[in-house]
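Student: need a 3D model of the sequence below.
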Amino acid sequence: MTHWQQGGAPSASASPTMPAVPPQARRPVTQAAPAPQAPPPPAAPRRTAFAEGVDRLRAAAVTEPGRLRAIGAVLALLVLAFGAVTAWQMSDRAGAADDVLHRSQPLSAGAADIYRSLADANTAAASGFLSGGQEPPTTTQRYEKDIKNAAAGLVTAAASTEPGSPSAKTIAQLNKLLPEYKGLIERARANNRQGYPVGGAYLRAANEKMQREMLPAAQDLYTKENQRLRADYGDATPYPWFALALGVVALGALGWAQRRHYRRTNRLLNHGLVAATTASAIVLLWLVVGHSVARAGLNSSYDNAVRSLNVLHDARIASLNARGNENLTLVSRGAETKKLPDGTTVDAYDYAFKQDMKTLSTGLAEAESLADDRAGEQPVKDAKTAVKLWQQRHQEARTADDEGDYQAALKKIIGSEDDHPTGERFDTVDANLAKALAHEESQFQQSAGDGRDAMTGLPVGAAVLAVLGASGAVLGIGRRLSEYR
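Tutor: Residues are numbered from 1 along each chain as shown. The predicted structure follows:
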């Protein structure tokens, strides 16, 4: 029995391959840590519905049905855009043309009538004053009528003017000045009836208010209304270039689509595309012809009527101012003087009369050159003849007044019809100018009305035809798509 079998410790020779290990050198046996694993790859982000839709569209676009759908959509949008822009631009132009006919030109003429009524009232007041204490009933009635017309014209202008605008302020100023002017005239009349010389001072004060405040305000109102009229013409006459360009593009695209259809199918016509092309061509032709006719009518109304109306209004205003200054020359009897640049002192009212007559003669010459027919030319010629006789009679009155014969001068200014006074010549000038104005007004109404009517129905018609054209394009492409099912 060996030593190991007896329970003794094995000897060093018994285990030659296992050397003894000191207790301090022993280490606890631990389990090895598992090797680190790589993190899982991140999940792919979820695609949006929009991105998926774009992919589907891209995939469909490379197929013939997809291309056809895209072509149909583009054609429908182009035709609809053409119709919408045409309706928009022509609606604006038709509205501006209607404003020219029914708003701005009548307001311009109304402003000129306000000026004429005020100036004529001032003239009638001076004529009545010269008649002495007992004014002729016709003169008084003329004055009262002019004042009523001016007040009514201011009411109409105020109703058609935006509150707070420059025109509204001018109208408010005239409404304030008109009662003040009437008060001065009534004081002048009351003193004149009693033979008080102060009546002449009141009349000159009233004339001063009229000439320096009221008539300039009325002229300013007339100028503003004329500017509005020109602005409306500027809105109504420009060519609708945007609509025209879209129309050409739409027709070009429709033509290209039909050529493509023919080359791929050898079919000459596609009914839907033909219908779309026809509708678009009708809108484009209607747009070109309708606007050209409207533009021609509006331009004719301005060149052949509005320009003449402006000149005639100015001439009539000059004649009214001349008549008022002529009367005041006798009323003042040299109380108002003016010093000229050359040092000469002259009667202020007589000097103003001569300046007004120059303006009148120049205006009549221009009005005659603008008249385009005998009906408009003849009244101007008659007015020119009356102006010459008026100037001759006025010079005779001035000669008599300078020689100290006041009654003879007065007779030549406000005498009876048998005396052929300057008042008769003035009335002849005014009547002929009114006749010429009525003729030019009728020409304006005709030409501007024709221009406005040429655009009637175009906005609505363009919109309806555009919808029909777009529907035709969609149906035409849809018919082609049905062949792939």
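
Student: centroid-nearest residue for this protein?
Tutor: In the chain, the residue lying closest to the centroid (C-alpha atoms, centre = their mean) is Asp232, at 2.9 Å.

Student: gap between Phe426 and Leu287?
Tutor: For Phe426, the distance to Leu287 (C-beta to C-beta, to the nearest Å) stands at 52 Å. (Each C-beta comes from the backbone N, C-alpha and C, glycine too.)

Student: how about the helix or strand containing Ala294: buried residues?
Tutor: Assigned by DSSP states H and E, Ala294 belongs to helix 271-301. Under the neighbour-count criterion of 16 or more other C-beta atoms under 10 Å, helix 271-301 has 272-273, 275-277, 279-281, 283-284, 286-287, 290-291, 294-295, 297-298, 300-301 buried.

Student: what is the subsequent helix or strand relative to that helix?
Tutor: Next along the chain after helix 271-301, taking DSSP H and E as the criterion, comes helix 307-332.

Student: any buried residues in that following helix, and which?
Tutor: Residues of helix 307-332 classed as buried: 308-332 (neighbour count, 16+ other C-beta under 10 Å).

Student: and what of stretch 137-148?
Tutor: Of the residues in stretch 137-148, 139, 142-143, 146-147 count as buried by neighbour count, 16+ other C-beta under 10 Å.

Student: nearest to Asp99 among these?
Tutor: Of all the buried residues of stretch 137-148, Asp146 has the smallest distance to Asp99: 28.9 Å, by C-beta to C-beta.

Student: the closest one reaches Ser117, doesn't it?
Tutor: Yes: with contact defined as C-beta atoms under 8 Å, Asp146 counts as touching Ser117 (4.5 Å).

Student: in the stretch 201-350 of the chain, where is pLDDT below threshold?
Tutor: Across the stretch 201-350 of the chain, the ranges flagged by pLDDT under 70 are 267-268, 334.

Student: count the neighbours of Leu269 for me.
Tutor: By the criterion of other C-beta atoms under 10 Å, Leu269 has 11 neighbours.

Student: OK, contacts around it?
Tutor: Leu269 sits next to Gln258 when contact means C-beta atoms under 8 Å, 6 or more residues apart in numbering.

Student: please repeat the previous calculation with a cut-off of 10 Å.
Tutor: With contact set as C-beta atoms under 10 Å, 6 or more residues apart in numbering, Leu269 has these partners: 258, 261-262, 476.

Student: ditto for Lys148
Tutor: When contacts are counted by C-beta under 10 Å, 6+ apart, Lys148 touches 117, 121.

Student: quick check: next helix or strand after the helix or strand in which it is found?
Tutor: Here Lys148 is covered by helix 137-159, with elements defined by DSSP H and E. Using DSSP H and E, the next helix or strand after helix 137-159 towards the C-terminus is helix 166-193.

Student: between helix 307-332 and that following helix, find me the angle.
Tutor: Angular relation of helix 166-193 and helix 307-332 on a 0 to 180 degree scale: 30 degrees, by axes from the mean of the first three to the mean of the last three C-alpha atoms, to 10 degrees.

Student: tell me the buried residues in helix 166-193?
Tutor: Result for helix 166-193 [16+ other C-beta under 10 Å]: buried residues 167, 170-171, 173-174, 177-178, 181-182, 184-185, 187-189, 191-192.

Student: does it pack against any helices or strands, and if so which?
Tutor: Judged by 3 or more C-beta pairs under 10 Å, 6 or more residues apart in numbering; DSSP states H and E, the packing partners of helix 166-193 are helix 105-130, helix 137-159, helix 198-209, helix 215-236.

Student: pick the most deeply packed of those helices.
Tutor: Comparing these by mean neighbour count (mean count of other C-beta atoms under 10 Å), helix 105-130 comes out on top with a mean of 25.

Student: ends of stretch 410-421, what's the gap?
Tutor: For stretch 410-421, the first-to-last residue distance is 9 Å (C-alpha to C-alpha, to the nearest Å).

Student: averaged pLDDT, that stretch. What do you get?
Tutor: Average pLDDT, stretch 410-421: 77.

Student: touching it from outside, list them.
Tutor: Under C-beta under 10 Å, 6+ apart, the answer for stretch 410-421 is 126-132, 136, 139, 323, 326-327, 329-330, 389-390, 393-401, 405, 407-408, 422-424, 426-427.
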